[in-house]
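Chemist: Model the following, please.
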Amino acid sequence: MPHRYIGGMALCMYDPQTRQSRIWWGTRQLAVSAPAQVGHFENTGVGRFYSYDNWQGMPIITRFQWSIPHGNPRFEQAFSTDGAKTWEMNWTTDYTRVSSATPGVWNRPDKAQGEHDGFAFLAGTWNLHIKRLEHPLSAKKDWISCSGLSIAHQFWGGAGDFQEARITCGAQTINAVTLRLYHAASGKWLSYWATQANGLAAGLPIEGTLDAHGNGELSGPDVLNGKPILARAR
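Modeler: Sure thing, here's the model as predicted:
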C-alpha cells in the first residue's frame with residue numbers, strides 16, 4: 001500500500017465429494033478471517049465463491065471471482081447489500097508471473113518486535129510416526145499406530161508456518177494441513193488445522209507461546225462428540 005505493508009494469505013481447499021472449494025483468507029494483523037468463501041470453477045474457467053458476511057455492522061454477501069484473461073490470473077472482490085441483485089466491486093488483483101528466485105513473502109526479513117524463529121525447526125520434509133488414542137475420553141484405551149509424510153515451510157519472515165501432511169492409519173488416508181500464525185499484538189502463536197474432507201476445524205485457533213528453543217504449549221476450547229473440552233498441543 002502507499003504507506004503500509006499488508007501481509008496476506010489464503011488457504012484454498014477443494015472437496016471432491018461436493019466438488020466445491022472453500023477459501024479462507026487472513027492477514028498478519030487479523031489472522032484467519034471467517035467465514036470461508038464457498039464456490040467452484042465453471043467450464044468457462046471462471047471461479048466464483050460466496051459467503052454471508054458483514055461490513056461495518058451491515059449484512060452483506062461477499063463474492064470472490066477468479067478468471068484468467070490473456071493467460072494471467074485476475075482476482076475481483078465485490079459486496080452486495082441486496083441479496084446479490086447488484087454488486088459493488090471494491091478490490092482487484094492482476095497477477096504477473098515472476099522468477100521463483102524473486103524475493104517475496106517467503107523470505108521477507110521483517111520479524112515483529114520480540115519475535116524469534118518460531119516454527120523454523122519444522123521447515124522441510126519429514127517422515128511422521130504417529131500414535132493416537134482410538135477413542136479419546138472413554139473407557140477404551142487402545143492406541144493406533146499411523147505413519148505419514150509432512151512438508152512445512154515458513155512465510156512472512158517466519159511469522160507464518162504452513163505444514164501439509166498425508167497420514168495413513170490402516171485403510172484410512174488423511175490429507176491434512178496446519179496453519180500457524182504469529183499474532184504480534186498478543187505475542188502468541190495461533191494454530192489452525194484442516195482436512196481435505198472437513199475443511200478448517202471449527203472453534204479454532206488454539207493459541208500459546210514458544211520459547212527460543214521451540215518448546216511451547218498452545219491450547220483452546222473445542223468440542224468432542226458434542227462435549228465441550230479444552231484441547232492442548234505441545
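Chemist: can you name the farthest residue from the center of the chain?
Modeler: The outermost residue of the chain relative to its centre, with distances by CA atoms, centre = their mean, is A139 at 34.1 Å.
Chemist: I'd like to know how far that residue sits from L133.
Modeler: From A139 across to L133, the span is 12 Å (CB to CB, to the nearest Å). All C-beta atoms are positioned from the backbone trio N, CA, C, and that covers glycine.
Chemist: Could you do N127 as well?
Modeler: According to CB to CB, N127 stands 21 Å off from L133.
Chemist: does the residue farthest from the centre of the chain count as helix, strand or coil?
Modeler: Classification of A139 by DSSP: H, G, I helix; E, B strand; the rest coil places it in coil.
Chemist: wait, what's in contact with it?
Modeler: By CB atoms under 8 Å, 6 or more residues apart in numbering, A139 lies in contact with nothing.
Chemist: circling back: more neighbours, N127 and L133?
Modeler: L133 (12 against 8; other CB atoms under 10 Å).
Chemist: Apart from its neighbours in sequence, what residue is nearest that one?
Modeler: Distances taken as CB to CB, 6 or more residues apart in numbering put W143 closest to L133, at 5.9 Å, once the chain neighbours are dropped.
Chemist: burial of the one you found, as a residue count?
Modeler: When neighbours are counted by other CB under 10 Å, W143 registers 8.
Chemist: surely it meets I130?
Modeler: No. Using CB atoms under 8 Å, W143 is not in contact with I130; the gap is 10.1 Å.
Chemist: and F155, what are its bridge partners?
Modeler: G160 (DSSP bridges).
Chemist: ok, it to F162 distance?
Modeler: Distance from F155 to F162, by CB to CB: 7 Å.
Chemist: Can you give the strand pairings for the helix or strand of the chain at the bottom of the mean pLDDT ranking, parallel or anti for each?
Modeler: Among the helical and strand segments of the chain, the one scoring lowest on mean pLDDT, DSSP states H and E is strand 199-200, with a mean of 85. Strands that pair with strand 199-200, judged by DSSP bridges, come out as strand 188-195 (antiparallel).
Chemist: Just the residues contacting the strand it pairs with, thanks.
Modeler: Residues contacting strand 188-195 (CB under 8 Å, 6+ apart): 11, 13, 31-32, 118-119, 174-183, 200-201, 204-210, 216, 218, 233.
Chemist: Would you show me how to pick out the buried ones of the residues you listed in PyMOL?
Modeler: Restricted to buried positions by 16 or more other CB atoms under 10 Å, the PyMOL selection for those reads:
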select buried, resi 11+13+31+32+118+119+176+177+178+179+180+181+182+183+200+201+204+205+206+207+208+210+218
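Chemist: among the contacts of strand 188-195, which are in strands?
Modeler: Among the contacts of strand 188-195, the ones falling in strands (DSSP state E) are 11, 13, 31-32, 174-183, 200, 206-210, 216, 218, 233.
Chemist: Give the residue spans of the chain that score low on pLDDT.
Modeler: In the predicted model, the chain carries pLDDT under 70 at residues 103-116.
Chemist: Where do the domain boundaries of this structure fall?
Modeler: With domains defined by automatic domain parsing, the chain comprises 8-94, 114-233.
Chemist: These: which one's closest to A101?
Modeler: Proximity to A101 (CB to CB) singles out domain 114-233 among those, at 15.7 Å.
Chemist: just how off-centre is that closest one within its chain?
Modeler: 12 Å (CA atoms, centre = their mean, to the nearest Å).
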